[in-house]
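Novice: One predicted model, sequence on top.
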Amino acid sequence: MDTNKRFLVGVYDDDDEVMAAVKAVRSNGIKIHDVYTPFPVHGLDKAIGHPRTRIPMAAFMFGCLGLLTMFVFTLYTMAIDWPMNIGGKDFYAFPDFIPPMFEFTVLFTAFGMVFSFFITNGLWWGNKAVIFDLRSTDDKFVMAIDTSSNQKSEAEIEKALRDTGAIEVNVKEVIEEEA
Amino acid sequence: MSHVSAVVRPPLVTGGKSYHDITEDVCRQVEGKPTASWKIVFGISTIVLLLGTASVFWTWWDGLGNWGLNKTVGWAWDITNFVWWVGIGHAGTLISAILLLFRQKWRTSVNRAAEAMTIFAVICAASFILMHAGRAWLAYWCIPFPNTYGSIWVNFNSPLVWDVFAISTYFSVSCLFWYVGLIPDLATIRDRAKNKVSKYIYGLLSMGWNGNTKTWFRYEYVSLILAGISTPLVLSVHTIVSFDFATSVIPGWHTTIFPPYFVAGAIFSGFAMVNNLLLIIRWTFKLQDYITIEHIETMNKIITVTGSIVGIAYITEFFIAAYSGVEYESYAFINRAFGPYWWAYWAMMSCNVITPQFFWVRSIRRSITWTFALSVVVNIGMWFERFVIIVTSLHRDYIPSSWAMFSPTIIDIGDYVFTFGLFFFLFLLFAKYLPVINMAEVKGVMKSSSERFPYKVKPNTKKPGEHVTE
C-alpha cells in the first residue's frame, strides 16, 4: 500500500548555517527526517544524532575472509592437492604465499565494504533517488521534516526553519512504499 | 572545525567561485556538445588505435616471431612498455589514496583525472601482458582453476603469478575507488540533465544517490578505508613488478634495492604524466581556477623528490656493483654505461637525474611551458630506465657466443602505438562524458581553501608565554 507523506523542506545556502540550524531545530523539539547536502558536512551526522557506522567492522571482517580464503587456497593447491618440488622449497612455502594472501585481503575488503555500503544505503543500479530539492546535489543544503512524525504544527516548523536561516521552505509529498 | 587552514597557504580555488560555479564549470563540457578540438583529437586517437590494432592483430595472428626478440634477449620491448605503463598508473593512486591519508587538500581537484589515468594506464599495461603471452586466448592459464590435467595449479611461488594477482586486484580496486567517488557527481549531473537519455544513463550510474547525511557519513568512512588499503596495495604492485626481476639470478636484476627504487620511479613518471594531462585539461576545459599553478608547483615538487630518490638509487646500484666485488655484477653495470647500449643509459641518466633538478628553481616549476616539456622528458627517461634494466642486463649472456643485440621491429613499434591510441581514446571519452574534477570534494574544501571565503584563522594576538584558556 502506498501512502503519501508530507514533508516540509527547508533550503539553506551554506553548510555552516545548516549545521547550526540542525542543532537549533532539534533543540526546539522538532524531529528531522534527514539533511541532504552536495558534499559531506563534517559533524552533521553527530548533530543529527546518527550512531557510529559499522562499516569499518564490515571492512575488517571481509579482509579477514579474504586472507583466510587465500591461505586455505594456497594450502590446498600447493601442499595437499598436487604437491610439487619447486626449487627444493617446502610444499607449503609460506613466505611465498604472502603476496597473494595480501592481495586477496585487499580485494575482499574493498569489494565487501563497498557493496555493504551500497546495500545499507539503498544504492543500487536502477534505484530511483528520493529527491526533496533538485539543487541539493548542486549548491543547496536541504533539511526535510516529516510533518506526521512531529507534534508541532506546520506553521511552527516553518517558523523554526525560517528563523534558522532557511531561504525557502517548500512542501513536498513523497510516495513512500510500505514494506 | 574542519574549515581551518593556515593563512600562509595560497588558495586552491581561485576566481571567487561559489558552490554553484563549481557545478557549472565542471558540468559544462559534460552537458555541451563535443567541441571541434575534442572531435579532432578523438579522431586522431581513434585512427592511431586502429593502426595499432592492426599491429596487435598481426602479433596474435602470426606470432611473436614478428618481434625483435631473440634467444638471448627474450624480454625487451613488451616488458619495458608494461612496466612503463604500470608505473604511470601509480601516481593516480598516490594522489587519491596516500594524499587523502595525509589530508592534502590540493588533491581534490586533480584526483579524478589522475585516477582515470591510472585505470587507463593499467589497461594499456595489461594489453602488453596479453600480447606477450603470445597465445592471448590461453592467458586464462594464469588463473588457478580446476582443470582436467590433474588438477594442476599455477605456481604460487612465482612472482609472475603474484603479479597476476597484484595487477588484477590493483585494477579492480582502482576502478571501484574511482566509481565510488564518481557517484555523487553523477547524481549532480542526473539532477541537472535536460534530456531523457542522459537522465536515464546518469541516473542508472548514480544508483539513486541523494546525498543524505548517513550516506555521506558512510561514504567518508568508505573513502578513508579504501585509501588505507590502496596505499599498501599500490606499493605492493610495483614491488611485485620489481620482484619479477629481483628474484631472478641475472646480474643487474637481482638487487634488493629494486622495490623502493621501482616504486619511486613509478610515482616519478606517473606525476609527469599527470602534469601533462592536467595541463591540457585545464587549458581546453578552462579550469585554471581549479587546477592552479599551486597544484602544478606541488606536483613538480613531488617529481623532484621522487626523481632524486631514483637518482640516488642509480648511483647506489652502481656503487654496490663495484663494492660487492662480484665480477658479473660489476661487468653488467660497466656494460650498461659504456657498452653498446651506452646511449640508452646516458639518455636515462640525463632525463631522470638532471631534469627533475631544474624544478629547484621556483620560476621553472611555476612555468607551464617548462613543466610540460620537462614532464615529457621525464617520461622518455623512465621508458629508457626500464629498457636499460631489461635489455642491457640480458644482451650480454654468460657465454660470449650467445651475445646479441635487440632492435624493435615495425610490429613492436605498432604494438606500442596501439597502447597510446587506446590510452588517449579512453581518456578523451572520460574527459567528455564524466566530470573531470571531483565536484563534491572540491566543494568540501571551499570553506578552508578558496578565495571566496575569508580564512577563519584569527591572527595570533596572544603574547608569547601567555596562558591559553580555551
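Specialist: Structure's in. What do you need?
Novice: which SS state does whichever residue of the stretch 201-350 of chain B sits closest to chain A fall under?
Specialist: Per Cβ to the nearest Cβ, residue B:208 is where the stretch 201-350 of chain B lies closest to chain A, at 3.2 Å. For the C-beta atoms, the positions are set from N, CA and C on the backbone; glycine is no exception. Secondary structure for residue B:208, judged by DSSP: H, G, I helix; E, B strand; the rest coil, is coil.
Novice: which residue sits closest to it in space, ignoring its chain neighbours?
Specialist: Counting by Cβ to Cβ, 6 or more residues apart in numbering or on different chains, residue B:208 lies nearest to residue A:127, which is 3.2 Å off, once chain neighbours are set aside.
Novice: SS state for the one you found?
Specialist: Assigned with three-state DSSP, residue A:127 falls in the coil class.
Novice: next one: phi and psi at it?
Specialist: When read as degrees, to the nearest 10, the backbone of residue A:127 gives phi -70, psi 140.
Novice: Write out the residues of the stretch 351-470 of chain B neighbouring chain A.
Specialist: By Cβ under 8 Å from any Cβ of the partner chain, the residues of the stretch 351-470 of chain B that approach chain A are B:439-441, B:443-444, B:447.
Novice: Lowest pLDDT pick from those residues?
Specialist: Ranked by pLDDT, these bottom out at residue B:447, which has 80.
Novice: For the buried ones among the residues of the stretch 351-470 of chain B next to chain A, write the corresponding PyMOL selection.
Specialist: Those of these that count as buried under 16 or more other Cβ atoms under 10 Å in any protein chain shown are selected in PyMOL with:
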select buried, chain B and resi 439+440+441+443+444+447
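Novice: Which one of the residues of the stretch 351-470 of chain B next to chain A is nearest to residue B:96?
Specialist: Nearest to residue B:96, judged by Cβ to Cβ, of these is residue B:441 at 10.1 Å.
Novice: how about the closest one, what does it touch?
Specialist: A:39, B:108, B:111, B:181 (Cβ atoms under 8 Å, 6 or more residues apart in numbering or on different chains).
Novice: Now, those that are in helices?
Specialist: The helices, defined by DSSP state H, take in B:111, B:181 from these.
Novice: Which two among the contacts of residue B:441 are spaced furthest apart?
Specialist: Checking the contacts of residue B:441 with Cβ to Cβ, the most distant pair is A:39 and B:111, at 14.2 Å.
Novice: Show the pLDDT at residue A:50.
Specialist: Note on residue A:50: pLDDT of 85.
Novice: sorry, that was for residue B:132
Specialist: 88.
Novice: ok, so what distance separates the closest residue to it other than its chain neighbours from chain A?
Specialist: With Cβ to Cβ, 6+ apart as the criterion, residue B:132 has its nearest non-adjacent residue at 4.1 Å, and that residue is residue B:78. Taking Cβ to the nearest Cβ, to the nearest Å as the criterion, residue B:78 is separated from chain A by 22 Å.
Novice: check contacts around residue B:78.
Specialist: Counting by Cβ under 8 Å, 6+ apart, residue B:78 has contacts B:67, B:128, B:131-132, B:412, B:415.
Novice: Residue A:141 pairs with what?
Specialist: Counting by DSSP bridges, residue A:141 is bridged to residue A:12.
Novice: what pairs with the helix-or-strand element of chain A with minimal mean pLDDT, and is each one parallel or antiparallel?
Specialist: Least confident helix or strand, chain A: strand A:168-177 with a mean of 78, by mean pLDDT, DSSP states H and E. Applying DSSP bridges, strand A:168-177 is found paired with strand A:2-12 (antiparallel).
Novice: Check the secondary structure at the most centrally placed residue in chain B for me.
Specialist: Most central in chain B under Cα atoms, centre = their mean is residue B:89, positioned 2.3 Å from the mean C-alpha point. Of the three states, residue B:89 takes helix under three-state DSSP.
Novice: Next, the angle strand A:2-12 makes with the strand or helix carrying residue A:156.
Specialist: Assigned by DSSP states H and E, residue A:156 falls within helix A:154-163. Orientation check (axes from the mean of the first three to the mean of the last three Cα atoms, to 10 degrees): helix A:154-163 against strand A:2-12 gives 30 degrees.
Novice: Show the contacting residues for residue B:438.
Specialist: Taking Cβ under 8 Å, 6+ apart, we find residue B:438 in contact with B:108-109, B:111-112, B:181, B:185.
Novice: out of these, who's nearest chain A?
Specialist: Closest to chain A, out of all of the contacts of residue B:438 and judged by Cβ to the nearest Cβ, is residue B:185, at 8.6 Å.
Novice: and the residue nearest the centre of chain A, what is it in contact with?
Specialist: Nearest to the mean C-alpha position of chain A, by Cα atoms, centre = their mean, lies residue A:121 at 5.0 Å. Contacts of residue A:121 were listed using Cβ under 8 Å, 6+ apart, and they are B:214-215, B:218.
Novice: Arrange the residues you listed in JSON lines, one row each, with secondary structure, pLDDT and neighbour count as further columns.
Specialist: Formatted as JSON lines, these follow (DSSP: H, G, I helix; E, B strand; the rest coil; pLDDT from 0 to 100; neighbours: other Cβ atoms under 10 Å in any protein chain shown):
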{"residue": "B:214", "secondary structure": "helix", "pLDDT": "89", "neighbour count": "17"}
{"residue": "B:215", "secondary structure": "helix", "pLDDT": "91", "neighbour count": "23"}
{"residue": "B:218", "secondary structure": "helix", "pLDDT": "92", "neighbour count": "22"}
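Novice: What about chain A: which of these touch it?
Specialist: B:214-215, B:218.
Novice: Out of these, flag the one nearest to residue A:13.
Specialist: Nearest to residue A:13 out of these is residue B:215 (Cβ to Cβ; 21.7 Å).
Novice: What residue in chain A is the furthest from its centre?
Specialist: No residue in chain A sits farther from the centre than residue A:88, which is 50.5 Å out by Cα atoms, centre = their mean.
Novice: Do you know the pLDDT at that residue?
Specialist: Residue A:88 is assigned a predicted lDDT (pLDDT) of 90.
Novice: Give me the longest helix you can find in chain A.
Specialist: Max-length helix for chain A by DSSP H is helix A:98-120.
Novice: For the nearest residue to residue B:346 once chain neighbours are set aside, give me the pLDDT.
Specialist: The spatially closest residue to residue B:346, leaving aside those adjacent along the chain, is residue B:337, at 7.6 Å (Cβ to Cβ, 6+ apart). pLDDT, residue B:337: 92.
Novice: what residues does the helix or strand harbouring residue B:337 touch?
Specialist: Assigned by DSSP H and E, residue B:337 falls within helix B:327-338. Residues outside helix B:327-338 that contact it (Cβ under 8 Å, 6+ apart) are B:251-252, B:317-318, B:320-322, B:324, B:341-342, B:345-346, B:388, B:392-393, B:396.
Novice: Could you work out the most separated pair of these?
Specialist: Maximum distance among the contacts of helix B:327-338 (Cβ to Cβ): 23.4 Å, for B:324 and B:346.
Novice: Got phi/psi on the residue lying closest to residue B:364 once chain neighbours are set aside?
Specialist: Using Cβ to Cβ, 6+ apart and skipping the chain neighbours, the partner closest in space to residue B:364 is residue B:370 (4.7 Å). Here is the backbone geometry of residue B:370 (degrees, to the nearest 10): phi -60, psi -50.
Novice: Burial check on residue B:370, number of neighbours?
Specialist: Other residues within reach of residue B:370, judged by other Cβ atoms under 10 Å in any protein chain shown, total 16.
Novice: From residue B:376, how far out is it?
Specialist: Noted for residue B:370: a distance of 11 Å to residue B:376, by Cβ to Cβ, to the nearest Å.
Novice: And residue B:200, by the same measure?
Specialist: 41 Å.
Novice: Looking at the ones next to chain A among the contacts of residue A:121, which one is closest to residue A:133?
Specialist: Proximity of the ones next to chain A among the contacts of residue A:121 to residue A:133 (Cβ to Cβ) peaks at residue B:215, which lies at 16.1 Å.
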